[in-house]
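**Q** 3D model of this:
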Amino acid sequence: MKKKCTNKTCKSKGILQPIENFYIDKRYPDNHSHECTECKRVRQKKWNDIANKKRADFFAMYIG
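**A** You can find the predicted model right below:
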C-alpha cells in the first residue's frame, strides 16, 4: 500500500511513498499518520526547540 504525505513543505509532496514511511496512528481510517516520518521529525524538532527556549527563559527569570 502507498500513501501521499499531506505536509505542504514535504520534500516528497505528491509522490506516493510506502506505508512504512508513516507512523501508526489509530485516529485515521487507514491507521497511519497523514504526514511522513521525515516531516513529523522536522516538525517535532522545531516545536521542541521552541518549548526548550521558553522553558529556559522561564527558569532563568525565576531561578536566576
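
**Q** Describe which strands the top strand by length along the chain pairs with in its sheet and in which direction.
**A** When the chain is parsed with DSSP state E, its longest strand is strand 32-36. If you go by DSSP bridges, strand 32-36 pairs up with strand 22-24 (antiparallel).

**Q** ok, now which ones touch the spatially most central residue of the chain?
**A** By C-alpha atoms, centre = their mean, the chain has its centre lying nearest to Lys40, at 2.0 Å. Lys40 makes contact with 23, 33, according to C-beta atoms under 8 Å, 6 or more residues apart in numbering. For glycine as for every other residue, the C-beta is placed from the backbone atoms N, C-alpha and C.

**Q** For it, pull up the helix or strand it's in.
**A** Using DSSP states H and E, Lys40 falls within helix 37-62.

**Q** If you count neighbours, what's buried in that helix?
**A** 39-40, 42 (16 or more other C-beta atoms under 10 Å).

**Q** State the mean pLDDT of that helix.
**A** When pLDDT is averaged over helix 37-62, the result is 95.

**Q** where does that helix sit relative to the chain's centre, distance-wise?
**A** Offset of helix 37-62 from its chain centre (C-alpha atoms, centre = their mean, to the nearest Å): 13 Å.

**Q** got the angle for it vs strand 32-36?
**A** Relative orientation of helix 37-62 and strand 32-36, computed by axes from the mean of the first three to the mean of the last three C-alpha atoms, to 10 degrees: 80 degrees.

**Q** can you count the residues close to Cys36?
**A** Neighbourhood size, Cys36 [other C-beta atoms under 10 Å]: 25.

**Q** Could you tell me how far it is located from Pro18?
**A** 10 Å (C-beta to C-beta, to the nearest Å).

**Q** same deal with Cys5?
**A** For Cys5, the distance to Pro18 (C-beta to C-beta) stands at 12 Å.
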